[in-house]
Structures are given as C-alpha cells and as structure tokens.
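K.L.:
Just to be clear, the model below is a prediction. Sequence and coordinates:
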Amino acid sequence: MSIVDKETAIDCCLLAGRLMMEAGAETYRVEDTMARMAETQQLSATHSFVTPTGIIFSPGSPHHTKLIRIKDRTTDLEKVALVNDVSRKLSANEYTLEEAYTKLQEIEKTNVMFPLWLQIIAAAVASGSFLILYSGLWTDVPAAIFAGGVGYVIVTKIHELTRVKFFAEFVGSLFIGLIGFAAVQTGLGLELDKIIVGSVMPLVPGLLITNAVRDLMAGHFMSGLSKGAEAFLTAFAIGAGVALVLSF
C-alpha cells in the first residue's frame with residue numbers, strides 16, 4: 001500500500017471509532033473494531049487508547065500517532081450496528097478501503113435516529129408501563145404518560161439549546177415532579193411516588209451504566225470510571241430535580 005492509502009486507512013479507522021463512541025458503543029468494542037479494520041489494511045502494529053472524550057490511535061512506524069476528540073455522545077445503537085457492518089464487510093473483502101471510508105462518511109452525515117415525535121411517544125408509553133411494573137394504579141397511568149412525555153421533550157430541547165446534559169435532565173425531572181404533584185393535587189393521580197418514578201425512567205442512563213460495568217470488567221478502568229461518574233451525575237441531576245419539588 002502507498003503512503004496515501006495508509007493515511008486513508010488510518011483516517012477510516014479513526015472515523016469508525018469516533019462514530020461508535022459518539023453512538024454509545026463500549027470501549028472494548030471500539031478498540032476491537034479499529035484493530036480489525038487496521039489489520040485488513042496491513043497495519044498490524046497498531047495501538048489504540050479509547051476514552052469517552054477522545055481516541056488516540058498509533059498505526060506504528062513510520063506513521064504518526066493521531067488524536068481525535070469525541071464532542072457529542074448519545075445512544076444510537078443502529079449507528080453502532082451500521083459501523084460494525086462496514087467493518088465486517090471490509091474484513092471480508094466485500095468493501096474496498098475507499099468504499100468503506102465513503103460508507104462511513106455517509107453514516108456520519110445520515111441521521112438514523114427515530115424522529116422526535118416517535119421518541120416522545122415511546123418515552124410516554126414507557127413511563128406508563130414502568131408505573132404498572134412498579135405496582136402502580138391504572139388510574140395513574142395517564143398522569144405518568146403525560147409527565148414522561150413532557151419531561152422527555154424538555155430534556156431534548158434544553159440540551160439542544162445549552163448542550164449541558166446534566167442541566168437539561170435536572171430541569172426535565174423538575175417538571176416531571178411538578179406535573180406529578182399537580183396531578184395528585186387536582187385528583188387526576190393518587191400515588192405521587194409511583195407517577196414520578198415511572199415518568200423519570202426514560203431519562204435514567206441505563207446503557208451508560210451497563211457500558212461502565214462492562215468496561216470495568218474488560219479492564220478499561222479509565223473509561224469505566226468516567227462513564228460511571230457520568231451516570232452518577234445524571235442520576236444525581238434527576239434526583240435533585242425531583243427532590244426540589246418534594247422539598248416544597
């Protein structure tokens with residue numbers, strides 16, 4: 001391979017790793033995917049160091065080590081699956097390097113997330129379902145559905161405006177608490193605790209907690225601890241918002 005092809009292969013590996021980390025993939029999965037893609041391009045002496053905020057990739061001599069920053073992180077498992085599919089096809093020689101790089105660039109530009117209205121409906125339905133799961137009353141389901149849907153909208157919009165995830169979740173849980181309290185006071189709900197617990201469940205960082213534990217078990221202590229800290233701060237923001245309502 002020429003120097004240009006090697007540089008393209010390095011950029012392709014870095015792009016795949018960044019897309020996966022931004023979509024919520026586990027650290028070990030990102031490193032494994034990058035290593036497999038590099039090996040198909042005769043880059044057998046590669047080393048990578050992946051964290052939730054950046055990727056350091058060393059392709060070996062005579063190439064320079066490269067660093068790429070992870071700015072945004074979300075949960076998009078479909079994008080993770082798409083990048084994995086490109087990696088597998090490149091390893092199986094179904095894609096050339098140029099085709100794989102082009103496909104990854106297309107994935108980067110494509111929004112594969114479900115539309116916002118569908119996410120809101122899913123969050124609302126999940127809120128009502130969790131209320132029943134926690135032995136709540138069927139008469140409280142409408143209040144939980146409404147609170148969960150509104151809370152999800154608020155979190156999404158505030159995060160788009162401020163880019164501060166914890167503040168968005170704090171405000172979202174605050175409104176969930178207010179809606180639940182108003183529902184109980186007006187007779188539209190009976191069990192405030194069940195309504196609030198069911199409504200905040202779509203905001204709970206379940207995937208983040210799971211990835212933190214899996215990274216720790218795989219020996220990626222820095223990534224595991226940082227993801228665990230992020231999950232703790234998210235849970236603290238949710239709890240603080242609800243506690244602020246209940247304290248008054």
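P.N.:
Received the coordinates, thanks. Numbering: from 1, shown residues only.

K.L.:
Return the set of residues that bridge with residue 51.
P.N.:
Legend: beta-bridge partners of residue 51 under DSSP bridges are residue 54.

K.L.:
what's the neighbour count on it?
P.N.:
Per other Cβ atoms under 10 Å, the neighbour tally for residue 51 reads 15. Every residue, glycine included, has its C-beta placed from N, CA and C.

K.L.:
which residues touch it?
P.N.:
Residues in contact with residue 51 (Cβ atoms under 8 Å, 6 or more residues apart in numbering) are 27, 70, 222-223, 226.

K.L.:
For PyMOL, write the selection for the buried entries among the residues you listed.
P.N.:
If you want just the buried ones from the contacts of residue 51 in PyMOL, going by 16 or more other Cβ atoms under 10 Å, the selection is:
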select buried, resi 27+70+223+226
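
K.L.:
Adding secondary structure as columns, could you present the contacts of residue 51 in JSON lines?
P.N.:
As requested, the contacts of residue 51 are arranged in JSON lines below (DSSP: H, G, I helix; E, B strand; the rest coil):
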{"residue": "27", "secondary structure": "helix"}
{"residue": "70", "secondary structure": "coil"}
{"residue": "222", "secondary structure": "helix"}
{"residue": "223", "secondary structure": "helix"}
{"residue": "226", "secondary structure": "helix"}
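
K.L.:
hmm, which two among the contacts of residue 51 are most spread apart?
P.N.:
For these, with distances taken as Cβ to Cβ, the pair at the greatest spread is 70 and 222 (13.5 Å).

K.L.:
Please, which helix or strand holds the residue lying closest to residue 136 once chain neighbours are set aside?
P.N.:
Residue nearest to residue 136 in three dimensions, not counting chain neighbours: residue 194, with 3.6 Å by Cβ to Cβ, 6 or more residues apart in numbering. Residue 194 is located in helix 192-200, with elements delineated by DSSP states H and E.

K.L.:
Give the next helix or strand downstream of that helix.
P.N.:
Using DSSP H and E, the helix or strand that follows helix 192-200 in sequence is helix 206-217.

K.L.:
Show me what counts as buried in that following helix.
P.N.:
Judged by neighbour count (16+ other Cβ under 10 Å), helix 206-217 contains these buried residues: 207-209, 211-212, 214-216.

K.L.:
Report how many residues lie close to residue 237.
P.N.:
Other residues near residue 237 come to 22 when the count uses other Cβ under 10 Å.

K.L.:
One more: the one 5 residues further on?
P.N.:
The local packing of residue 242 (other Cβ under 10 Å) involves 22 other residues.
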